[in-house]
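Student: sequence first, predicted model second:
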Amino acid sequence: MANPATTTRPPTRRTAFAEGVDLARAAANTEPGRLRIIGAVLALLVVAFGAVTAWQTSDRAAAADDVLHKSQPLSSAAAEIYRSLADANTAASSGFLAGGEETAESRQRYEEDIDTAAAKLVTAANNADPGSSSTASITKLNKLLPEYQGLVERARTYNRQGFPVGGAYLRYANEKMQGEMLPAAVDLYKMENKRLQADYGDATPYPWAAIALGVLALASLAWAQARNYRRTNRVLNHGLVAATAASTVVLLWLVVGHTVARAGLEDSYEHGVRSLNVLHDARIASLKARGNENLTLVARGAETVKVTADGDEVTLDKYDHEFDTEMTTLGKGLAQAAKLADDQSGEKPVASAESNMAEWEKRHTTARAQDDNGNYEQALALVIGGKDATGACFDNVDKNLADALAHEQTEFKQAAGDGLDAMTGLSIGAAVLAVLGAAGAVLGIGRRLSEYR
């Protein structure tokens with residue numbers, strides 16, 4: 001019987017992985033093996049460069065497209081919802097002040113504003129993300145809009161019959177508009193502006209990962225060609241030169257294209273979005289001021305507010321006090337818009353609006369003096385009368401602000417469109433050139449390998 005202590009164990013079989021490592025190590029010690037490794041690494045680097053370039057530029061192009069075609073138009077739509085609601089409220093109060101003789105023009109303006117607000121709410125709902133805060137604001141406005149319309153219709157009905165309760169219904173409608181609807185519209189506007197800012201944030205950062213890979217790929221290709229020259233004294237390897245050329249084109253296209261795109265997008269923000277936001281806010285302030293001016297006459301002192309002035313508490317007409325507040329906001333907004341305007345086409349309507357506002361304040365002071373002296377009918381004529389009334393000044397302010405907004409919107413579209421165009425084709429071009437570059441690297445290394453066969 002064999003002694004267990006002297007029994008020889010059969011040798012342990014090595015794993016396929018271990019054998020593969022040994023074969024690779026042995027191959028790396030030969031020039032053909034080293035060339036194969038270099039070719040694989042070069043091809044991988046060039047393909048990775050192209051893939052990351054395509055990925056990062058595609059994301060930035062999509063964000064730039066959202067800026068131009070989605071988030072900024074939606075931000076403007078949200079501002080238009082606010083404007084339409086505020087203007088409808090103003091038209092309703094103007095029609096109420098006219099009594100049973102409400103003009104067809106006032107009625108039409110109110111209905112057009114309500115229709116515009118409803119249409120813009122549909123557009124916003126179709127583009128809002130389900131379950132988002134924007135969707136909640138839109139849902140709230142869709143619920144409140146018919147309630148507001150019902151209060152206005154009751155106010156009109158009672159007003160035509162000469163019942164004082166009509167004024168109460170109009171104040172209820174105004175409270176619903178000022179206390180619930182306009183704040184919801186402001187929330188929607190702010191949220192759409194945040195989305196716009198996020199899209200700018202996604203579109204403008206430099207694609208550093210792609211740039212770093214491009215530099216690494218070019219450095220590796222240069223090293224491989226220098227190595228080839230030292231070993232063969234051949235200045236050019238056609239395949240490696242082709243790979244270098246393709247990678248260089250992609251890197252230059254990436255850097256120059258994104259720089260131009262970034263400049264266009266930043267210009268669209270500095271000379272478009274900033275001005276648009278200021279002008280929207282100014283227009284909203286003018287609408288709120290006009291609404292409060294009308295409601296001062298509707299309420300006839302029924303609504304008051306206590307404020308502190310020079311250390312003393314005084315009681316003021318609520319709507320006239322809010323008129324002064326909004327006119328201050330309007331003045332500041334117009335001054336800021338004038339500073340942001342960068343050409344005569346942008347400066348002219350803002351300057352006209354400032355002139356209209358100054359005249360509006362003069363006429364308002366005269367109207368308030370008449371009302372305070374008990375001359376209600378004269379005050380009413382100075383507010384809702386013809387071309388010499390404050391209403392004409394408000395209309396001129398609104399028209400000039402609309403002209404300024406149209407100009408800045410055009411400026412925005414031009415600059416943002418130029419930025420988006422600078423990235424057109426970059427993702428696909430980078431991918432195609434990267435494949436060609438990788439093929440060139442493999443063919444170039446393959447030509448050297450053929451010399452060992």
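Tutor: Done, it's in.
Student: buried residues in the helix or strand hosting residue 135?
Tutor: In the assignment (DSSP states H and E), residue 135 maps to helix 133-160. For helix 133-160, burial by neighbour count (16 or more other CB atoms under 10 Å) applies to 134-135, 137-138, 140-141, 144-145, 148-149, 151-152, 154-156, 158-159. Glycine gets a C-beta too; all of them are placed from N, C-alpha and C.
Student: how far away is the residue at minimal distance from the centre of the chain from residue 352?
Tutor: Of all residues in the chain, the one closest to the mean position by CA atoms, centre = their mean is residue 196, 2.3 Å from it. From residue 196 across to residue 352, the span is 28 Å (CB to CB, to the nearest Å).
Student: pull the contacting residues for the nearest residue to the residue nearest to the centre of the chain once chain neighbours are set aside.
Tutor: Nearest non-adjacent residue to residue 196, counting by CB to CB, 6 or more residues apart in numbering: residue 71, 4.1 Å away. Residue 71 is in contact with 192, 195-196, 198-199, counting by CB atoms under 8 Å, 6 or more residues apart in numbering.
Student: could you measure from residue 71 over to residue 32?
Tutor: 56 Å.
Student: likewise for residue 367?
Tutor: According to CB to CB, residue 367 and residue 32 sit 97 Å apart.
Student: so who does residue 62 touch?
Tutor: Residue 62 neighbours (CB under 8 Å, 6+ apart): none.
Student: run the last query once more with 10 Å
Tutor: Neighbour list for residue 62: 199, 202-203, 420, 423, 427 [criterion: CB atoms under 10 Å, 6 or more residues apart in numbering].
Student: next one: residue 125
Tutor: Contact partners of residue 125, counting by CB under 10 Å, 6+ apart, are 134-135, 138-139, 141-142.
Student: pick out whichever of residue 367 and residue 32 has more residues nearby.
Tutor: Counted by other CB atoms under 10 Å, residue 367 and residue 32 do not tie: residue 367 has more neighbours, with 24 against 14.
Student: check which helix or strand covers that one.
Tutor: Assigned by DSSP H and E, residue 367 belongs to helix 344-372.
Student: output the contacting helices and strands for that helix.
Tutor: Contact here means 3 or more CB pairs under 10 Å, 6 or more residues apart in numbering; DSSP states H and E; on that basis helix 344-372 packs against helix 274-299, strand 312-317, helix 318-340, helix 376-384, helix 390-421.
Student: how distant is the third one from the center of its chain?
Tutor: Taking CA atoms, centre = their mean, to the nearest Å, one finds helix 318-340 lying 25 Å from the centre of the chain it belongs to.
Student: cool, and stretch 160-176?
Tutor: For stretch 160-176, the gap between its own C-alpha mean and the chain's C-alpha mean amounts to 39 Å (CA atoms, centre = their mean).
Student: and stretch 363-370, by the same measure?
Tutor: Stretch 363-370 sits 41 Å away from the centroid of its parent chain (CA atoms, centre = their mean).
Student: quick revisit: tell me which of the helices and strands packed on helix 344-372 lies nearest to residue 121.
Tutor: Closest approach to residue 121 among the helices and strands packed on helix 344-372 (CB to CB): helix 274-299, 17.0 Å.
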